[in-house]
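Student: Curious how this folds, go ahead:
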Amino acid sequence: MRATGGRARLRRVALIGIDGSGKTTQAYRLAAALTSAGRPATYHRNAGGRRWLGRVANRLGVPDAQRLVGRNGVLAVESVLRWLAIAAALLSCLVTGRTAVMDRYSACQYASIRAHGGQRWERLARVGYRVFPPPQVTFLLTVDPAEAYRRIERRGTDHETMDWLRAADSAYRTLPEYPTFVLVDAGGPPEEVTRRIQAHLAQWLPAAVEPPAVPLAVQARP
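Tutor: Just a heads-up that it's a prediction; the model follows:
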């Protein structure tokens with residue numbers, strides 16, 4: 001990393017965690033806080049398309065995406081779409097010089113594959129995602145799956161089962177990258193989570209930055 005004004009340049013930050021952990025809200029706030037602190041940043045939502053595929057399945061009268069295209073089909077579509085999203089985000093920030101604040105990153109795909117029980121797919125995904133540089137900081141937002149389930153039900157835009165949330169939570173904790181993650185308790189109010197994240201990034205956010213209001217459209221995302 002090149003130094004700028006005595007400080008290392010912050011290029012990539014990722015926020016990961018199970019659905020309902022608040023990744024989108026916190027990534028949006030962090031991008032705004034960095035920009036306000038004079039370190040221009042861009043929010044990138046690196047979704048894998050699982051929700052979109054589920055909506056397609058529902059329109060076709062099928063209960064869920066897995067029953068529409070099978071487990072392997074879901075993992076293939078999700079892996080490709082997330083790879084393309086991350087590649088586009090990194091290219092954009094390389095061109096603009098802005099910090100990339102990633103709402104999901106490669107670890108999310110590995111965890112999704114593990115939660116689906118597709119170990120063979122994880123090996124393939126790691127080969128494809130190896131081209132992406134690791135974030136300088138990866139925040140894992142931790143929340144009890146029961147609380148995540150309540151949040152998802154309250155927002156009413158999608159649905160996840162408790163079994164899936166528990167499996168995803170376990171998958172994150174068993175990843176080989178887990179020791180490198182910065183764990184952030186996301187079970188409390190969003191403002192407190194924001195303060196914890198910003199405190200860890202004090203090198204780039206020397207003064208507390210008031211979290212911006214998050215549009216309802218952003219709050220509704222997982």
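Student: Would you mind listing the buried residues in the helix or strand that Glu191 is a member of?
Tutor: Glu191 is part of helix 190-200 when elements are defined by DSSP states H and E. Neighbour-count burial for helix 190-200, counted by 16 or more other Cβ atoms under 10 Å, picks out Val193, Thr194, Arg196, Ile197, Gln198. C-beta coordinates here come from the backbone N, C-alpha and C atoms, glycine included.
Student: And for stretch 82-95?
Tutor: Buried-residue list, stretch 82-95, by 16+ other Cβ under 10 Å: Arg82, Trp83, Ala85, Ile86, Ala89, Leu90, Cys93.
Student: returning to that earlier point: so which elements touch the helix holding Glu191?
Tutor: On a contact count with 3 or more Cβ pairs under 8 Å, 6 or more residues apart in numbering; DSSP states H and E, helix 190-200 meets helix 23-36, strand 137-142, strand 182-185.
Student: Name the next helix or strand downstream of the longest one, please.
Tutor: Spelled out, that is helix 23-36. Next along from helix 23-36, by DSSP H and E: strand 41-45.
Student: just how off-centre is the top helix by length along the chain within its chain?
Tutor: Across the chain, the longest stretch assigned as helix under DSSP state H is helix 65-96. Relative to its chain's centre, helix 65-96 lies at 13 Å (Cα atoms, centre = their mean, to the nearest Å).
Student: I'd like the helices and strands packed on helix 190-200 as a markdown table, with distance to Arg98 appended.
Tutor: Output for these, formatted as a markdown table (distance: least, Cβ to Cβ, whole Å):
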| stretch | distance to Arg98 |
| --- | --- |
| helix 23-36 | 8 |
| strand 137-142 | 16 |
| strand 182-185 | 21 |
